[in-house]
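> Model the following, please.
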Amino acid sequence: MRATWLWFLAALGLFCAPARLDGGPGSPVRLDVPEAVGWEPEGPFLLRLTVYNASGHRLVLAQPRPEAVQVKVFRLSDGTPACRTPGASRTTAEGWDARYVLASQGLHLSVDLRPYCRHLGEGLYRYELVYVANPAASSEAVFTGTLGPRSGRIAIGAGLSSDDAALAAALAEPASGRPPAPSPQPTPGAGTASASPPAQSAESVKACMDRELAARGLNAYGDPQGTTYPDGPPADEGGRVLYVAGRNPEIRAACHIQGF
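From the prediction side, this is the model:
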């Protein structure tokens, strides 16, 4: 019994000590961000993140707030900076912002970059996001630390926020933003084994993805069955394909989902 308590106190010290974690799959507290996002030219420029408890134990986390997040946006063509939000603030949250988060659950936040990136034109970009997990007043057990940077890609264009197929096609274009050169046509009588697979409709991609999810015993968002989302689903139906594809490379490959 004494050994169990010592292990618990050691683990608690690990989670409560300020630390820098990459926020990736191996982190006890994970930072999930979209690998691909589409924005309309007129905005909003929303990024949705999840601070996810991957420790296997219940943790106390402060409710994420926009001021605890910094996002930097770069042009995909040459990597030059395009815009950025203010630096992530290190503050003490109010006591009521502390949340008990069960294993395999998380806290969600959407950040609108439009006020800081309103000059961005149509095209392709890359972003880097850093999140600071702050302490909360009257609670010493809150996990604190810096998660990230985590990155993904952005395509800005009409209809890209609601059409998975159009977003995937836009992200599959060269970084310059120019359409890809047409594939050479096969000569008569030549074999077609190396020809590119035909384009898929959005409906066929979703159907394939749902079959793969069911075969793996996962829910509609690629998480274990029974996973709950207290703050709502992690993606709406329009963005579900890219959300699942970004987190499940096997499904992405099996269904030939482009744009990654």
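> does A220 belong to a helix or a strand, and which?
For A220, there is no enclosing helix or strand under DSSP states H and E.
> Apologies, that question was intended for R240.
R240 belongs to helix 240-247 when elements are defined using DSSP H and E.
> distance between that helix and the chain's centre?
9 Å (CA atoms, centre = their mean, to the nearest Å).
> what do you get for stretch 146-154?
8 Å.
> Pull the residues that contact it.
Applying CB atoms under 8 Å, 6 or more residues apart in numbering, the external contacts of stretch 146-154 come out as 18-24, 27, 29-39, 51, 72-73, 76, 88, 124-133, 171, 246, 259. For the C-beta atoms, the positions are set from N, CA and C on the backbone; glycine is no exception.
> Buried ones among those residues?
Neighbour counting by 16 or more other CB atoms under 10 Å classes 19, 21, 23, 27, 29-39, 51, 72-73, 76, 88, 124-133, 171, 246, 259 among these as buried.
> Tell me which entries of those lie within strands.
21, 29-32, 36-39, 51, 72-73, 124-133 (DSSP state E).
> what about the strands in the stretch 51-200 of the chain?
59-62, 69-75, 81-84, 98-101, 106-112, 123-133, 145-156 (DSSP state E, counting those that start in this stretch).
> of all those strands, which lies closest to P224?
strand 106-112 (13.2 Å; CB to CB).
> Show me what that closest one is packed against.
strand 46-53, strand 69-75 (3 or more CB pairs under 8 Å, 6 or more residues apart in numbering; DSSP states H and E).
> for the stretch 51-200 of the chain, which spans come out with low pLDDT?
In the prediction, the stretch 51-200 of the chain carries residues with pLDDT under 70 at positions 174-200.
> Go again with 90.
Applying pLDDT under 90 to the stretch 51-200 of the chain flags residues 55, 77-78, 93-96, 137-141, 148, 162-166, 168-200.
> Chain neighbours aside, what residue packs nearest to P28?
Spatial nearest neighbour of P28, chain neighbours left out: S55 (4.0 Å); criterion: CB to CB, 6 or more residues apart in numbering.
> how much space between the one you found and G26?
Distance check for S55 against G26: by CB to CB, to the nearest Å, it reads 11 Å.
> Which one's more surrounded, these two?
Neighbour comparison, S55 and G26: the larger count goes to S55, with 18 against 9 (by other CB atoms under 10 Å).
> surely the more buried one meets L21?
No. Counting by CB atoms under 8 Å, S55 stays clear of L21, with 11.3 Å between them.
> Now do the contacts for G56.
Counting by CB under 8 Å, 6+ apart, G56 touches A103.
> List phi and psi for it.
phi 90, psi 0 (degrees, to the nearest 10).
> In what element of secondary structure is R252 found?
Assigned by DSSP H and E, R252 falls within helix 249-254.
> What helices and strands are in contact with that helix?
Helix 249-254 packs on helix 202-215, helix 240-247, going by 3+ CB pairs under 8 Å, 6+ apart.
> Show me the contact partners of the last one.
Contact with helix 240-247 is made by 32, 34-37, 152, 164, 167-168, 202, 205-206, 209, 213, 220-222, 234-235, 251-252, 255, 257, 259-260, as judged by CB under 8 Å, 6+ apart.
> Selection in PyMOL covering whichever of those residues are buried, please.
Selection of buried members from the contacts of helix 240-247 for PyMOL, criterion 16+ other CB under 10 Å:
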select buried, resi 32+34+35+36+37+152+164+167+168+205+206+209+213+220+221+222+234+235+251+252+255+257+259+260
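> Please save the CA atoms from stretch 42-54 in CSV.
Provided in CSV are the C-alpha atoms of stretch 42-54 (Å, rounded to 0.1, in the frame of the first residue of the first chain):
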residue,chain,number,x,y,z
GLU,A,42,-13.6,36.5,-45.6
GLY,A,43,-13.1,34.4,-42.4
PRO,A,44,-13.5,33.4,-39.7
PHE,A,45,-10.0,31.8,-39.4
LEU,A,46,-10.8,29.2,-36.8
LEU,A,47,-8.3,26.7,-35.3
ARG,A,48,-9.7,24.1,-33.0
LEU,A,49,-7.4,22.4,-30.5
THR,A,50,-7.9,19.8,-27.8
VAL,A,51,-5.8,19.4,-24.6
TYR,A,52,-6.1,15.6,-24.2
ASN,A,53,-5.4,13.5,-21.2
ALA,A,54,-3.4,10.6,-22.5
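> I'm done for today, thanks for sticking with me.
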